[in-house]
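**Q** sequence plus the predicted model coming up.
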Amino acid sequence: ADAEAREAAYRPAFTRDGRRLETVANIGTPAEAAAAVAAGAEGVGLLRTEFLFLDREAAPDEEEQFQALHAMTEALRGLPLIVRTLDIGGDKEVPYLRLPREDNPFLGIRGLRLCLARPDLFRPQLRAIARAARAAPAGAVKVMFPMVASLEEYREGRAALEAVRTELGAPPMEVGIMVEVPSVATMADVLAREVDFFSIGTNDLTQYVLAMDRMHPALATKADGLHPAVLRLIGQVVRAAHAEGKWVGVCGNLAAEREACAILVGLGVDELSVSPPSVPELKARVRGLRMSDARRLAERALACGTAAEVRALA
Ligand code: PEP
Ligand code: MG
């Protein structure tokens, strides 16, 4: 029975009526890559590369970044690794970068915007990623840009990656974006023609849709990813992506919430990315669902007026 349970942990997760959900992990360190595999994850849906930059005196160089990424692709043995480029700013501070003080850091030079302004940070990271892709099994390394707010930003990020990739003779990589800013959710049909995939960062998306600071103690319970305003945007992104044959994941904390799983699956999401310890529970949840029920639930959630109403449904 033990061996059987272990085997089930590694099998992909299908709903009762046969829809496959990609179940992957959010990680921040090479040790967590191994933990993700051990937990039965089908890969990494979000690598937060900030881990390499925090709690130290200077930025890691290209070689150090390459070594860390290489250790992860080795641990993953060909399973996909979605590397999110540096997402500094907002709640993620790095003192040695000496970034100018901003009145509204959550609306300032952060995420991809910061990387585009700082090639000294961006280029070594892109080079490390391209080298890791060159050393890994074909297609294993994918790139994802955080906090994209416009098509121009995405194009600029992709061009920077492409330049580095050709320089190094690295293989083509799939390139996607995080959906964390309302503008890219509403423009998803246009972006879907150019990106390879979307991953919805419900932590930031909720904060920007509801104009509620995700760290604010008095707003913590109100900034709810199950708010119908957030769910409507997720549904819109899924429709837009699927119309162009692209896939959509969810890598924010909402993906791990018991009450959210059926709704996200019902909205048509293709991939769910959660912390390694949450993977087995996520798979069990998916295996208990039926698409027809999940779709009906999602429809009803979209018609709700408040997050509390959605939670009462789920
Ligand atoms: C998110 O915003 O939902 C997300 C996954 O990114 P982070 O939590 O790292 O900001
Ligand atoms: Mg985010």
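**A** Arrived safely, thanks for sending. Ligands and ions are numbered 1, 2, ... in the order given.

**Q** just the element for Met144, please.
**A** Using DSSP states H and E, Met144 sits within strand 141-145.

**Q** Leu112 touches Met144, doesn't it?
**A** No - applying CB atoms under 8 Å, one finds Leu112 not in contact with Met144, separated by 9.9 Å. For glycine as for every other residue, the C-beta is placed from the backbone atoms N, C-alpha and C.

**Q** what touches both of these two?
**A** Applying CB atoms under 8 Å, 6 or more residues apart in numbering, one finds that Leu112 and Met144 are jointly contacted by Thr85.

**Q** which strands or helices does the helix or strand just after the strand holding Met144 pack on?
**A** Counting by DSSP H and E, the next helix or strand C-terminal to strand 141-145 is helix 151-168. Under the contact criterion of 3 or more CB pairs under 8 Å, 6 or more residues apart in numbering; DSSP states H and E, helix 151-168 touches helix 112-117, helix 119-135, strand 141-145, strand 175-179, helix 188-191.

**Q** quick one, which of those gets closest to ligand 2.
**A** Checking the helices and strands packed on helix 151-168 against ligand 2 by CB to the ion gives strand 175-179 as the closest, at 6.4 Å.

**Q** look up how far Glu244 lies from the closest residue to Gly157 other than its chain neighbours.
**A** Sequence neighbours aside, Phe145 is the residue nearest to Gly157 in space, at 4.7 Å (criterion: CB to CB, 6 or more residues apart in numbering). When distance is defined by CB to CB, to the nearest Å, Phe145 is 18 Å away from Glu244.

**Q** ok, now Thr186?
**A** 16 Å.

**Q** next helix or strand past the helix or strand of the chain with the lowest mean pLDDT?
**A** For the chain, counting by mean pLDDT, DSSP states H and E, helix 2-10 ranks last in confidence among helices and strands (a mean of 76). Per DSSP H and E, the first helix or strand lying C-terminal to helix 2-10 is strand 13-14.

**Q** list the helices and strands that next one packs on?
**A** Looks like strand 13-14 contacts strand 20-27, helix 279-287 (3+ CB pairs under 8 Å, 6+ apart).

**Q** gap between Trp247 and Leu297?
**A** For Trp247, the distance to Leu297 - CB to CB - is 21 Å.

**Q** oh sorry, the question was meant for Asp103
**A** According to CB to CB, Asp103 stands 42 Å off from Leu297.

**Q** one more: Pro95?
**A** On the measure of CB to CB, Pro95 and Leu297 end up 45 Å apart.

**Q** who's more crowded, these two?
**A** Remark: of Pro95 and Leu297, Leu297 carries more neighbours, 19 against 10, as counted by other CB atoms under 10 Å.

**Q** you'd agree that one is up against Leu267?
**A** No - using CB under 8 Å, Leu297 makes no contact with Leu267, being 9.5 Å away.

**Q** give me the common contacts of the two.
**A** Shared contacts of Leu297 and Leu267, counting by CB under 8 Å, 6+ apart, come down to nothing at all.

**Q** who's in contact with Thr85?
**A** Residues near Thr85 by CB under 8 Å, 6+ apart: Thr49, Leu112, Cys115, Phe122, Gln125, Leu126, Ile129, Val143, Met144, Phe145, Pro146, Gly157.

**Q** same check, this time on Ala255
**A** Ala255 makes contact with Thr202, Cys261, Leu264, Leu272, Ser273, Val274, Leu282 under the criterion CB under 8 Å, 6+ apart.

**Q** do the same with Phe198
**A** Counted by CB under 8 Å, 6+ apart, Phe198 has contacts 176-179, 188, 191-192, 237, 241, 246-249.

**Q** are we agreed that it is in a strand?
**A** Yes - using DSSP: H, G, I helix; E, B strand; the rest coil, the assignment for Phe198 is a strand.

**Q** give me the spatial nearest neighbour of it, chain neighbours excluded.
**A** Using CB to CB, 6+ apart and skipping the chain neighbours, the partner closest in space to Phe198 is Val248 (4.8 Å).

**Q** so Phe145 and Glu244 - more neighbours on which side?
**A** Between Phe145 and Glu244, counting by other CB under 10 Å, Phe145 is the more crowded of the two (26 against 14).

**Q** that one bridge partners, please.
**A** Ile177 (DSSP bridges).

**Q** how far away is it from Ala211?
**A** From Phe145 to Ala211 the distance is 23 Å (CB to CB).

**Q** likewise for Gly268?
**A** Distance, Gly268 to Ala211, using CB to CB: 27 Å.
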